[in-house]
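K.L.:
Let me see the structure of the following:
(chains A and B, ligands or ions: 2)
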Amino acid sequence: MLEIQNLTHTYADGHTAIKDINLTVQDGQLVSIVGPSGCGKSTLLRCIAGLIRPAEGRIVLDGTPADGVPDNLAVVFQDYSRSLFPWLTVRDNVALPLKQRGMSKAQRREAAMEALESVGLADAGSKYPWQLSGGMQQRVSIARALAYRPSLLLMDEPFGSLDAQTREDLEDLTLKVRGDGGMTILLVTHDIDESVYVGDRVVVLGASPGHVRADLTVDLPEPRDQISTRELPEFVRLRAEVGRLVRGAGETAEQAATAAT
Amino acid sequence: MAALFAASELLGRAEIVDRSYLPPASSVVTRAIELAGDTLFLQYLADTMTAWAVGLGLAIAVAVPLGLLLGSVPAVNAATRAIVEFLRPIPSVALIPLAGLLLGSGTEMKVALIVYASTWPILFNTMYGLAEVDPAGKDTLRVFGFGRLEILLRVSLPSAAPFIATGIRLAAAIALILAVGTEIISGFGEGLGIFIAQAYSVPDGARDVLAGTVWAGTLGLVIDAALGGAQRRMFHWHHARQGGTT
Ligand SMILES: Nc1ncnc2c1ncn2[C@@H]1O[C@H](COP(=O)(O)OP(=O)(O)O)[C@@H](O)[C@H]1O
Ligand SMILES: [Mg+2]
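P.N.:
Ligands and ions are numbered 1, 2, ... in the order given. Below you'll find the model as predicted:
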């Protein structure tokens, strides 16, 4: 269980990015996080990942307050291209973190190729990241996270550079991973449809500073299907509700900005 | 280069200057080629190149780890800054007499000076390269549970490697200058610089002095070209990324 308690973070320049965030995520749950840009989604994920020490509040994992980077964590960074190593081939990029798993070289390579295949990049293993398009690089960083088989997976706008078809494929891959169990997933997205389609819950953040505006349970039948799930009245209702909340969150931010100037 | 060659050829042939001061370029080149078959000369050459290689190798072995330490542990950097700032401006050539007093004029002295002089560019380029490492790469390995030392070796070192290589290339040129220069100044022993120094002290030696100089220049060019080529091949990812090509 992941508990985020009273999390507040103020950057060195005095800007408070998130304020008093409380969230509890059950094991195996997939929580979508949406909110206007700049509302602190990435900051929240970086605090959970232990990359930022929050000014206040704490992250508790299975009852133990986390100090630094949690064990069995994988992150798909928003800035995926900078997170890949240009001197390593795509396959070696994916295989590198597996050293932490005590796997042999052959096992690491096999796991890497398997993960690359699952994101549709079976043929790109021996290329270098800079030889790939942005969308392909993004899939490499997703493959790297999946190959690691983390118990906590944080994804920051992981499908942003993908074309519609690939995006749907990877949404379904994410749902499959969640269905296999054992992985708690936090997925930040700016696509409202996506947040509802893949989520067990949708958390809407409001801006200035980032706070939890709403926490909605997604009660849609399993397995989800790109066509039929999106036709369900419940899907349509949720999508509209999330849309209104995000829009409202944006307006609040704008009004706050206008008021401040 | 060609103009220089032609000018010296003309001046030499026309006997505008004394032939023994400035022999025509063609005769210098002929002599330089001739030296390739001279066993004593080749022995001298091998001696200089050995000192160069050993000195450069030791400099790399000292400067890269030192640069990694200074570049990644700010406290050590701050503590040693005063020493570095004191030593750095001393021209290495000015240390030749001192090194001669302390170490004699043998290979040790040559190697010591080469190590001293070629450590600086490697050290500073290593530190500069570390400062330029993208934190995103370090964060990536951090979240996957890698420790500080592993991140240093697996992310920072490879990221900084192209800069370190540039430092080594600069150091290679400096090492050659020091190797030959030390020999010329110390004046006895063995080496390309000794060959030049000895030729200088005999009448009619100008042709040998210049032929030796041609060899030194050629060595410098060949070493630089070889290292430049190796650098391009090893760090294709660096250039490809900087050029923005895919
Ligand atoms: N390193 C930083 N220093 C100062 N301010 C930052 C830093 N990173 C992000 N911010 C600010 O914090 C706020 C939240 O940023 P971020 O978490 O990246 O938002 P999001 O991911 O929701 O777009 C923004 O106003 C952003 O400008
Ligand atoms: Mg973000």
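K.L.:
got the contact list for the residue most central in space within chain B?
P.N.:
For chain B, the residue sitting closest to the mean C-alpha position, by Cα atoms, centre = their mean, is B:A172 at 2.2 Å. The contact partners of B:A172, by Cβ atoms under 8 Å, 6 or more residues apart in numbering or on different chains, come to B:52, B:56, B:118, B:223-224, B:227. Where you see a C-beta, it was placed from the backbone N, CA and C, and this is true even at glycine.
K.L.:
Helices - which of those land there?
P.N.:
When helices are assigned by DSSP state H, the members of those inside them are B:52, B:56, B:118, B:223-224, B:227.
K.L.:
Tabulate these in TSV, adding columns for distance to ligand 2.
P.N.:
Formatted as TSV, the ones in helices among the contacts of B:A172 follow (distance: Cβ to the ion, whole Å):
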residue	distance to ligand 2
B:W52	52
B:L56	47
B:S118	46
B:I223	49
B:D224	46
B:L227	42
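K.L.:
so where's the stretch 1-150 of chain A shaky on pLDDT?
P.N.:
Confidence mapping of the stretch 1-150 of chain A against pLDDT under 70 gives zero matching residues.
K.L.:
A:H211 and A:K19 touch, don't they?
P.N.:
Yes - under the contact definition of Cβ atoms under 8 Å, A:H211 touches A:K19, with a separation of 5.6 Å.
K.L.:
for ligand 1, what are the nearby residues on the stretch 1-150 of chain A?
P.N.:
Near ligand 1, the residues belonging to the stretch 1-150 of chain A are A:11, A:13, A:15, A:17, A:35, A:37-43 when assessed by Cβ under 6 Å from any ligand atom.
K.L.:
how far away is the closest residue to A:G181 other than its chain neighbours from chain B?
P.N.:
Nearest residue to A:G181 in three dimensions, chain neighbours excluded: A:G28, at 5.6 Å (Cβ to Cβ, 6 or more residues apart in numbering or on different chains). For A:G28, the distance to chain B under the criterion Cβ to the nearest Cβ, to the nearest Å works out to 20 Å.
K.L.:
re the thing from before, now the buried members of the residues of the stretch 1-150 of chain A next to ligand 1.
P.N.:
With neighbours counted by 16 or more other Cβ atoms under 10 Å in any protein chain shown, these contain buried members at A:17, A:35, A:39-43.
K.L.:
In strands, which of those residues appear?
P.N.:
With DSSP state E as the criterion, strands contain A:A17 from among these.
K.L.:
which one among the buried ones among the residues of the stretch 1-150 of chain A next to ligand 1 gets closest to ligand 2?
P.N.:
For ligand 2, the nearest member of those is A:S42. The distance, counting by Cβ to the ion, is 3.2 Å.
K.L.:
As JSON lines, the buried ones among the residues of the stretch 1-150 of chain A next to ligand 1 with distance to A:G179 would be great.
P.N.:
Written out in JSON lines, the entries for those read as follows (distance: Cβ to Cβ, whole Å):
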{"residue": "A:A17", "distance to A:G179": "33"}
{"residue": "A:G35", "distance to A:G179": "26"}
{"residue": "A:C39", "distance to A:G179": "30"}
{"residue": "A:G40", "distance to A:G179": "30"}
{"residue": "A:K41", "distance to A:G179": "25"}
{"residue": "A:S42", "distance to A:G179": "27"}
{"residue": "A:T43", "distance to A:G179": "30"}
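K.L.:
so what pLDDT did residue 241 get?
P.N.:
If you meant another chain, say so; for now it's chain A. pLDDT for A:E241: 93.
K.L.:
should've been chain B
P.N.:
Model confidence at B:R241, given as pLDDT, is 66.
K.L.:
same check, this time on B:H238
P.N.:
For B:H238, the pLDDT comes out at 86.
K.L.:
those helices in the stretch 1-150 of chain A, which residues are they?
P.N.:
In the stretch 1-150 of chain A, the segments counted as helices under DSSP state H, counting those that start in this stretch are A:41-48, A:80-83, A:90-95, A:105-118, A:134-147.
K.L.:
no wait, chain B
P.N.:
Taking DSSP H as the criterion, chain B contains helices spanning B:2-13, B:25-35, B:39-72, B:74-87, B:96-103, B:107-131, B:135-143, B:148-151, B:157-186, B:192-201, B:206-234, B:236-243.
K.L.:
what angle separates the third one from helix B:74-87?
P.N.:
Right, the one you point to is helix B:39-72. Helix B:39-72 and helix B:74-87 meet at an angle of 140 degrees, taking axes from the mean of the first three to the mean of the last three Cα atoms, to 10 degrees as the criterion.
K.L.:
Which one (most neighbours) among the contacts of B:A172?
P.N.:
With neighbours defined as other Cβ atoms under 10 Å in any protein chain shown, the most crowded of the contacts of B:A172 is B:S118; it has 31 neighbours.
K.L.:
Next up, the contacts around it.
P.N.:
The neighbourhood of B:S118, defined by Cβ under 8 Å, 6+ apart, consists of B:55-56, B:59, B:63, B:171-172, B:174-175, B:178.
K.L.:
ok so, going back, state the distance from the residue nearest to the centre of chain B to chain A.
P.N.:
Relative to chain A, and taking Cβ to the nearest Cβ, B:A172 is found at 23 Å.
K.L.:
need the contact list for the nearest residue to that residue once chain neighbours are set aside.
P.N.:
The shortest distance from B:A172 to any residue that is not its chain neighbour, by Cβ to Cβ, 6+ apart, is 5.4 Å, and that residue is B:I223. Taking Cβ under 8 Å, 6+ apart as the definition of contact, the neighbours of B:I223 are B:172-173, B:176.
K.L.:
Okay, and the residue most central in space within chain A sits in which element?
P.N.:
Most central in chain A under Cα atoms, centre = their mean is A:M155, positioned 2.0 Å from the mean C-alpha point. In this structure, A:M155 is located in strand A:152-156 according to DSSP states H and E.
K.L.:
and that strand, which strands flank it?
P.N.:
Take DSSP bridges as the rule and strand A:152-156 pairs in its sheet with strand A:73-76 (parallel), strand A:184-188 (parallel).
K.L.:
Thanks a lot, catch you later.
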